[in-house]
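# Okay, structure incoming, though there's no sequence with it:
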């Protein structure tokens, strides 16, 4: 894919996000509608995209290669979390925003932005890698991530539940892995249905992201200088560290590119959801998600171009 084609795709991403953002700001649809659409995209469309990755044109991986892929994905996520943990003392962060900042750096939006992006650039192989990343992603988020928020929360928040970690995309990942490893046959009708449904994932995901960010005023978010430091660590330092580590270990091709793109994705919307659940200032986390998302529309195509 040449740079001009990549730019065209990113412009489409931004345009669709603007549809959601403007719609939310002008109250063309309610917050409940945006929340419902978000659940629909997560539970149905993204799950179908994950399943479609092993039905349309699945990559040929041996057991050893699959283990290598999982090792690279786990390392990518661990690097992001270590960077987030180190950023707190290095930036001398204190108070209730410290654990939120740590997770804004650690947790990437690999589902709503990473998956549609790598699907457009690298195809089904990269989608499978994104699906497999859901396993270590959810394990760390709902163990260390929730513990970190609860340890810094004034009211302790709610209790972590195992069912929160078992999401439809994770279930779809397990099913996809079974289909892939055991070469399970899938009826043509099911393939066609899942393939058609997955085609809507990218545009709907971008609209959902825009609608989610519509609750935050752009000028307020971009006037906060802390957001630029956070964005630099999330969008530049994190993918650079992942690239250095994986390259040193001999990783290359679509796997390397996918891992770097995932690491370069903006902060996950789930951070704002969890911050609110555990009694933090939701406006701070929302600003972090907004600024990193907007700036990533510039840094992601640059990262993809460098990796090409």
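Looks like it came in fine. Because the structure is predicted, anything quoted here is derived from the model rather than measured.
# From here on, just use CA atoms for contacts and neighbour counts.
OK.
# doesn't residue 172 make contact with residue 178?
No: with contacts counted by CA atoms under 8 Å, residue 178 stays clear of residue 172, the gap being 9.8 Å.
# okay, those two: which has more neighbours?
Neighbour totals were compared for residue 178 and residue 172, and residue 172 leads with 23 against 13 (other CA atoms under 10 Å).
# Would you mind measuring from the more buried one to residue 65?
Per CA to CA, to the nearest Å, residue 172 is found 21 Å from residue 65.
# Same question for residue 297.
For residue 297, the distance to residue 65 - CA to CA - is 32 Å.
# Buried residues in whichever strand or helix holds residue 72, which are they?
For residue 72, the host element (DSSP states H and E) is helix 63-90. By 16 or more other CA atoms under 10 Å, the buried positions in helix 63-90 come out as 69-70, 72-81, 83-85, 87-88.
# same deal with stretch 238-248?
Under 16+ other CA under 10 Å, the buried positions of stretch 238-248 are 238-243, 245-246.
# any chance of these in JSON lines, plus distance to residue 26, secondary structure and pLDDT?
Formatted as JSON lines, the buried residues of stretch 238-248 follow (distance: CA to CA, whole Å; DSSP: H, G, I helix; E, B strand; the rest coil; pLDDT from 0 to 100):
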{"residue": "238", "distance to residue 26": "35", "secondary structure": "helix", "pLDDT": "97"}
{"residue": "239", "distance to residue 26": "35", "secondary structure": "helix", "pLDDT": "97"}
{"residue": "240", "distance to residue 26": "38", "secondary structure": "helix", "pLDDT": "97"}
{"residue": "241", "distance to residue 26": "40", "secondary structure": "helix", "pLDDT": "97"}
{"residue": "242", "distance to residue 26": "39", "secondary structure": "helix", "pLDDT": "97"}
{"residue": "243", "distance to residue 26": "41", "secondary structure": "helix", "pLDDT": "97"}
{"residue": "245", "distance to residue 26": "45", "secondary structure": "helix", "pLDDT": "97"}
{"residue": "246", "distance to residue 26": "44", "secondary structure": "helix", "pLDDT": "97"}
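# For these, work out which two are farthest apart.
238 and 246 (12.3 Å; CA to CA).
# For residue 197, which non-adjacent residue is spatially closest?
Excluding its sequence neighbours, the residue lying closest to residue 197 (CA to CA, 6 or more residues apart in numbering) is residue 45, at 6.1 Å.
# tell me the contacts of that neighbour?
Going by CA atoms under 8 Å, 6 or more residues apart in numbering, residue 45 touches 197-198, 200-201.
# Look up how far residue 206 lies from it.
Taking CA to CA, one finds residue 45 at 12 Å from residue 206.
# Equivalent analysis for residue 222, please.
21 Å.
# do the same with residue 185
From residue 185 to residue 206 the distance is 32 Å (CA to CA).
# and these two? which has more neighbours close in?
More crowded of residue 185 and residue 206, by other CA under 10 Å: residue 206, with 24 against 9.
# Give me the neighbour count for the nearest residue to residue 202 once chain neighbours are set aside.
Once flanking residues are discounted, residue 202 sits nearest to residue 116: 5.0 Å by CA to CA, 6+ apart. Per other CA under 10 Å, the neighbour tally for residue 116 reads 27.
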